[in-house]
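Trainee: What follows is a predicted protein model with its sequence.
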Amino acid sequence: MHISAKADYATRALLELAREPGRPLTCEAIASSQEIPFRFLKSVVGELRRAGLVRSQRGCEGGYWLGRPAGEIALLDIVHAVDGEVITLRGESLEGLDYPGPAVALPGVWRRVEAETVAVLGGLTLASLLPEDAPARQSGVGVS
């Protein structure tokens, strides 16, 4: 299994935004707080914005906010936004994968791993990962 740096950084950035949903954060602040390379984070945040997981505002009062409440953003949404498929084999989807002979059962194993991974990622939201004292965790909502 491979968890991409993009998925990890995207999730960490969104958790920073979810921690205090009432105020915008800059990419610089998120990168510094989470020790993420700024340039890489900037491109990841662009993908999150296109997926509707963050929204932005320019200017001195600007920055980034969650695009939806933290309780409505699953880890699966984040992985789909930055990586597309959850699990691929040599960069290809597992759909239609077929092996001959003694390896005939292996594609079913890979698809089961994918299904169970999707279930875990789909069942965890940003709000569920926040520390107990975070505002978004206490209210169960974020700014939309």
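Mentor: Received, thanks. A quick note: this is a predicted structure, and the numbers were derived from the prediction, not measured. Residues are numbered from 1 along each chain as shown.

Trainee: so where's this protein shaky on pLDDT?
Mentor: Along the chain, the parts satisfying pLDDT under 70 run over 134-144.

Trainee: and the longest helix for it?
Mentor: In the chain, taking DSSP state H as the definition, the longest helix is helix 106-122.

Trainee: any idea which helix or strand carries residue 29?
Mentor: Assigning secondary structure by DSSP states H and E places residue 29 in helix 27-34.

Trainee: Check what contacts that helix and list those residues.
Mentor: Around helix 27-34, the neighbours that count as contacts under Cβ atoms under 8 Å, 6 or more residues apart in numbering are 9, 12-13, 16-17, 36-38, 41-42, 45, 63-64. C-betas here are computed from N, CA, C, even on glycine.

Trainee: Show me how to select, in PyMOL, the buried members of these.
Mentor: In PyMOL, the members of the contacts of helix 27-34 classed as buried (16 or more other Cβ atoms under 10 Å) are selected with the following command:
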select buried, resi 9+12+13+16+17+36+41+45+63+64
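
Trainee: about what we covered before: extract the C-alpha trace of the helix holding residue 29 and format it as PDB.
Mentor: Only the C-alpha atoms of helix 27-34 are listed here, as PDB (Å, rounded to 0.1, in the frame of the first residue of the first chain):
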ATOM      1  CA  CYS A  27      -0.900  28.500   2.800                       C
ATOM      2  CA  GLU A  28       2.200  29.900   4.500                       C
ATOM      3  CA  ALA A  29       0.600  29.400   7.900                       C
ATOM      4  CA  ILE A  30      -0.600  25.900   7.100                       C
ATOM      5  CA  ALA A  31       2.800  24.900   5.600                       C
ATOM      6  CA  SER A  32       4.700  26.300   8.700                       C
ATOM      7  CA  SER A  33       2.300  24.700  11.200                       C
ATOM      8  CA  GLN A  34       2.400  21.200   9.500                       C
END
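
Trainee: In that helix, which residues are buried?
Mentor: Neighbour-count burial for helix 27-34, counted by 16+ other Cβ under 10 Å, picks out 27, 30-31.
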